[in-house]
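Peer 1: Prediction below, plus the sequence it came from.
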Amino acid sequence: MNRVVVTGAGVVSPVGSGAEAFFENLVNGVCGIAPITAFDTEGYKVKLAGEVKGFDPEAAGIDRAQSKRMDLYAQYAMAAAIQAVFMSGIEGRVAPERLGVYVGSGIGGIQTFTQETEKMLSRGPGRVSPFFVPMMIGNMAAGNIAIRFGAQGPCLPVVTACATGTHAIGEAFHAIKYGLADAIIAGGAEAAVTPLAVAGFTNMKALSESADPNAASLPFDSRRGGFVIGEGSGIVVLEAYEHAMARGARILAEVCGYGNTCDAYHITAPQAEGIGAANAIKLALDEANWRGEKLYINAHGTGTPMNDRVETLAIKRALGQDAARAALISSTKSMTGHMLGAAGGVEAVACALALEKGVVPPTIHLDSPDPECDLNYVPNVAVKADVEVAVSSSLGFGGHNAVVALRAI
């Protein structure tokens, strides 16, 4: 079996684009939550989002004609993939049939879907774009990335709601571990800050209705009242260790464990005792051969009342009380908002860079801790710590639980 390492990372996010800039802003506690600019929020209870600022597809390396045939979620994915591949230096250094793409989206091309629906209703079916379907479907980010880089190996666009990015990375890890590919471009993307999506999440009581950007995305805080929707993409290049070493690649971290479980309980609510999430954490740490080394957990940490309480229970159940209290835990969603299918991708990047740089990003705006959330969530200020293992946890609607474990190298 192969060891698997991270040799490239790309990010498009509400707190900056480029993995290094993204991580620096996380460490400095930069908040990407702001009033929604993508549409007029008159009549909406929800006014805030974690939007990507100033995104220019051409500046990101996407041909103008191609970008017009890609939904925004796929543009974000392509931009992050270009960054990750550039950082890795892998282009042209792996056989096409041994290079894969595992990039998914929780929702897919909802902007295209709504725009073309409105066009059909107002102007008739003959006005619907011939590119509607290939722009809208959720596998097209992976397809476009594969075309761009000539990746003829395994291509698997995962769709597991908010667990999408983590599942994509975990499945890519196993594919390389068991010899199905030498390298895989993996992660997630989302661009769902749209009138329809925000209305839907609002009406299911999932979103924070705070008008204050500094009091909206509040993981593990007693004031939390829902998540703040975010957007963007997080992509990593995973590579067999021997392949990476042979070409002298920079290695950010080793991927060493993956857990994939389902609550089998409810379409949106987590199982109250966190059993499924705990089992996913255990699976990842068991595969990682974790033996109590210093641990960082990038929690799902959405800021919804139920998630944060249940996730705290899951961590305790998985690690035991003492190890849970010794772990450093943070929710970078306090800064980015919840990037849905992209969340696991950017949070895996945060874990890899935390291991490489020896610093753990904080949970900002954690000023009134919930007594039921009583672990060390690194409140407000980053901490220097030579953590040896980092865990990224993602929990999605439908009861999907995904956890990846990374080790310093």
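Peer 2: Noted; the coordinates are in hand.
Peer 1: Break this structure into its domains for me.
Peer 2: 4-246, 258-407 (automatic domain parsing).
Peer 1: Strands of this structure, residue ranges please.
Peer 2: Remark: strands assigned in the chain by DSSP state E are 4-13, 16-17, 34-35, 48-49, 99-104, 183-190, 232-240, 253-262, 295-298, 328-330, 359-360, 383-384, 389-396, 400-407.
Peer 1: What are the contacting residues of the fourth one?
Peer 2: Going back to what we said before, that points to strand 48-49. Residues outside strand 48-49 that contact it (Cβ atoms under 8 Å, 6 or more residues apart in numbering) are 33-36, 38, 193, 198, 208, 210-211, 213, 216, 228-231, 337. Glycine gets a C-beta too; all of them are placed from N, C-alpha and C.
Peer 1: Ok, the third one next?
Peer 2: The contact list for strand 34-35 (Cβ under 8 Å, 6+ apart) reads 41, 47, 48, 49, 50, 51, 213.
Peer 1: Can you check the pLDDT for the last one?
Peer 2: I take that to be residue 213. In this model, residue 213 is scored at 98, pLDDT.
Peer 1: Then the first one?
Peer 2: Confidence per residue is given as pLDDT, and for residue 41 that number is 98.
Peer 1: What about it, how many residues nearby?
Peer 2: Neighbourhood size, residue 41 [other Cβ atoms under 10 Å]: 16.
Peer 1: residues in contact with residue 122?
Peer 2: With contact set as Cβ under 8 Å, 6+ apart, residue 122 has no partners.
Peer 1: quick one: it from residue 115, how far?
Peer 2: Remark: distance between residue 122 and residue 115 (Cβ to Cβ, to the nearest Å) = 11 Å.
Peer 1: do the same with residue 10
Peer 2: Residue 10 is 26 Å from residue 115, by Cβ to Cβ.
Peer 1: Between these two, tell me which one has more neighbours.
Peer 2: Using other Cβ under 10 Å, the more surrounded residue of residue 10 and residue 115 is residue 10, with 32 against 18.
Peer 1: Looking at strand pairing, list the partners for that one.
Peer 2: Beta-bridge partners for residue 10, by DSSP bridges, are residue 235.
Peer 1: Residue 295 too?
Peer 2: With DSSP bridges as the rule, residue 295 is bridged to residue 389.
Peer 1: Touching, it and residue 323? I think so.
Peer 2: Yes - between residue 295 and residue 323 there is a contact under Cβ atoms under 8 Å: 7.3 Å.
Peer 1: And those two? Which one has more around it.
Peer 2: residue 295 (22 against 15).
Peer 1: Next up, the contacts around that one.
Peer 2: By Cβ under 8 Å, 6+ apart, the contact set of residue 295 is 319, 323, 326, 327, 328, 387, 388, 389, 390, 391.
Peer 1: go on, residue 395?
Peer 2: By Cβ under 8 Å, 6+ apart, the contact list for residue 395 reads 162, 163, 270, 277, 300, 307, 311, 401, 402.
Peer 1: hmm, 10 Å instead?
Peer 2: Contacts for residue 395 were tallied using Cβ atoms under 10 Å, 6 or more residues apart in numbering; they are 160-163, 166, 261, 263, 270, 274, 276-277, 280, 299-302, 307, 310-311, 314, 343, 401-403.
Peer 1: before we move on, the earlier item: for the contacts of strand 34-35, which two are the farthest from each other?
Peer 2: 41 and 50 (14.6 Å; Cβ to Cβ).
Peer 1: Can you say which of the strands of the chain is packed in most?
Peer 2: Mean neighbours per residue, mean count of other Cβ atoms under 10 Å, is largest over the strands of the chain for strand 183-190, with a mean of 36.
Peer 1: where does the stretch 151-300 of the chain dip in pLDDT?
Peer 2: Under the criterion of pLDDT under 70, none of the stretch 151-300 of the chain is flagged as low confidence.
Peer 1: Now do the helices in it.
Peer 2: Along the stretch 151-300 of the chain, the segments classed as helices by DSSP state H, counting those that start in this stretch run 164-177, 195-203, 241-246, 275-287.
Peer 1: Run through the neighbouring helices and strands of the third one.
Peer 2: Contacts of helix 241-246 with other secondary structure elements, assessed using 3 or more Cβ pairs under 10 Å, 6 or more residues apart in numbering; DSSP states H and E, are made with strand 4-13, strand 232-240.
Peer 1: Could you figure out how far the longest one is turned away from strand 400-407?
Peer 2: For strand 4-13 against strand 400-407, the angle by axes from the mean of the first three to the mean of the last three Cα atoms, to 10 degrees is 120 degrees.
Peer 1: Just list the residues touching the residue lying closest to residue 195 once chain neighbours are set aside, thanks.
Peer 2: Closest residue in space to residue 195, ignoring its immediate chain neighbours: residue 39 at 5.0 Å, by Cβ to Cβ, 6 or more residues apart in numbering. Counting by Cβ under 10 Å, 6+ apart, residue 39 touches 49, 193, 194, 195, 196, 198.
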